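Colleague: quick one: sequence plus predicted model below, questions after.
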Amino acid sequence: MLQPFFHAWERRLASVTTDRVVRPFEWGLDWLPTNGGSHRAPADAIGAWVSDVMADTDAHYTPPPTTDYTIGAVSEDGEQLLTFPSSFATPHRQNNTVYVRVFSPKRDTRKAAVLVLPQWNSDAGGHIGLSKLLAMSGMTAGRMSLPYHDRRMPPELHRADYIVSANVARTVQVCRQAVLDARRAIAWFAAQGYERIGILGSSLGSCLSLLTTAHEPLIHAAALNHVSPYFADVVWRGISTAHVREGLDGHIELDLLRELWKPINPSEYLERLRTRKILLVYAKYDLTFPVDLSRELVRQFTDAGVPFDLSVLHCGHYTSGKAPFKFVDGWVLARFLKKTLLDP
């Protein structure tokens, strides 16, 4: 009985955004290490690169160490700004500096820190309330701006189109950049003496958090808010990415796209999560991360014998950010991280 109500609400909230742009399909060969120099067909060239990546994903997702961190003075509400260079240089200068807003608890024992990765197209205020909730719960929280988001966005963009788009190779590489940035942020937390480090991600941030957890041994716990086993399927079917699907249509089929986006498919990395504390959260009436995909990831975790906690929200994707559901979601996420990082 509730499904038609929530689906209508989800579509209404999705339609509020009117600045979505259908960008042309591109293979993105200029984003490959060979700079498009291969004589192969574009799909074959990207496929060969993907095969190399999957043969050693640690090399793909491990940034070189840096000491080039800058941390600002503490503000009146306890916030600091951490900045450092991204290890993946893109053609856009603004995107190559990483910003992490750090919120510390009143009594910082350096016991637990959480890196927070917000959703696609989050503005500068996205997940700040959640970060403050984590700090109130006794954990230091660092809210990282994703590539091509808020202050990392070049002037020609109004939305973060370059991290999820109809440009095949760029999407993989910019998502990779987010993981590399997250690992440098986590390295900074470790250098400050935090004993246990967690990560929290929502929507796109959830996918990036899983990829980070799979490759970062310093992460003890991951709270993954809105989940899917496949990156391509969410883009292909979700209502929030219909404009991206429109750019892809007629140029590539879903099966091929799933293969070429294999490095950013969460399902590829479940075995790497066996020793971590994992929370999976999905929404029962989600049209952005279709609920059958979320349930498929839960099934894959179960079949692989990878331990996890599960929480199902009785709302949709957009409505999980509306009262009262946002309070329930925030409580579920914060409770899990407090239990696994502060009270193990």
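Modeller: Right, received. Where do you want to start?
Colleague: secondary structure element for the residue most central in space within the chain?
Modeller: In the chain, the residue lying closest to the centroid (C-alpha atoms, centre = their mean) is residue 205, at 2.0 Å. Assigned by DSSP states H and E, residue 205 falls within helix 204-215.
Colleague: what does that helix rub up against?
Modeller: Identification of contacts with helix 204-215 by C-beta atoms under 8 Å, 6 or more residues apart in numbering yields 57-58, 61-62, 115-120, 122, 127, 146, 163-164, 175, 178-179, 182-183, 186, 199-201, 219, 222-228, 231, 264, 266, 269, 272-273, 276, 278. (Glycine included, C-beta is placed from N, CA and C.)
Colleague: now do it, average pLDDT.
Modeller: Mean pLDDT, computed over helix 204-215, is 98.
Colleague: picking that back up, which of the contacts of helix 204-215 fall within helices?
Modeller: Judged by DSSP state H, helices contain the following of the contacts of helix 204-215: 57, 58, 61, 175, 178, 179, 182, 183, 186, 231.
Colleague: out of these, the closest to residue 318 would be?
Modeller: Taking C-beta to C-beta as the measure, residue 318 lies nearest residue 231 of the ones in helices among the contacts of helix 204-215, at 19.7 Å.
Colleague: look at that closest one and report its pLDDT.
Modeller: Residue 231 is assigned a predicted lDDT (pLDDT) of 98.
Colleague: what sits against it?
Modeller: By C-beta under 8 Å, 6+ apart, the residues touching residue 231 are 175, 207, 258, 261, 264, 265, 266.
Colleague: cool, residue 233 as well?
Modeller: Going by C-beta under 8 Å, 6+ apart, residue 233 touches 254, 258, 290, 293.
Colleague: based on its surroundings, how many neighbours for residue 94?
Modeller: Neighbour count for residue 94, taken as other C-beta atoms under 10 Å: 13.
Colleague: is it true that it touches residue 152?
Modeller: Yes - judged on C-beta atoms under 8 Å, residue 94 makes contact with residue 152 at a distance of 5.7 Å.
Colleague: can you put the contacts of residue 233 in TSV and add pLDDT, secondary structure and distance to residue 325?
Modeller: Shown next, in TSV, are the contacts of residue 233 (pLDDT from 0 to 100; DSSP: H, G, I helix; E, B strand; the rest coil; distance: C-beta to C-beta, whole Å):
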residue	pLDDT	secondary structure	distance to residue 325
254	98	helix	30
258	98	helix	30
290	98	coil	18
293	98	helix	20
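Colleague: could I get the residues you listed as JSON lines with distance to residue 81?
Modeller: Formatted as JSON lines, those follow (distance: C-beta to C-beta, whole Å):
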{"residue": "254", "distance to residue 81": "41"}
{"residue": "258", "distance to residue 81": "38"}
{"residue": "290", "distance to residue 81": "37"}
{"residue": "293", "distance to residue 81": "36"}
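Colleague: ok, of those, which come out buried?
Modeller: Among these, those classed as buried by 16 or more other C-beta atoms under 10 Å are 258, 290, 293.
Colleague: need phi/psi at the residue nearest to residue 286 when sequence neighbours are not counted.
Modeller: What sits nearest to residue 286 in space, not counting adjacent residues and going by C-beta to C-beta, 6 or more residues apart in numbering, is residue 317, at 4.5 Å. Here the main-chain torsion angles of residue 317 (degrees, to the nearest 10) amount to phi -70, psi -60.
Colleague: what pLDDT is listed against residue 317?
Modeller: At residue 317, the predicted lDDT confidence score is 97.
Colleague: ok, it to residue 213 distance?
Modeller: From residue 317 across to residue 213, the span is 22 Å (C-beta to C-beta, to the nearest Å).
Colleague: in the stretch 1-150 of the chain, which spans are strands?
Modeller: With DSSP state E, counting those that start in this stretch applied, the stretch 1-150 of the chain shows strands at 70-71, 79-85, 97-103, 112-117, 140-144, listed in chain order.
Colleague: quick one: which of the ones you listed is nearest residue 333?
Modeller: The closest of the strands of the stretch 1-150 of the chain to residue 333 is strand 112-117. By C-beta to C-beta, the value is 9.4 Å.
Colleague: quick one on the thing from earlier: just the closest of the buried ones among the contacts of residue 233 to residue 236, please.
Modeller: For the buried ones among the contacts of residue 233, the nearest to residue 236 is residue 258 (8.6 Å; C-beta to C-beta).
Colleague: my guess is that closest one meets residue 234, correct?
Modeller: No - between residue 258 and residue 234 there is no contact under C-beta under 8 Å: 10.7 Å.
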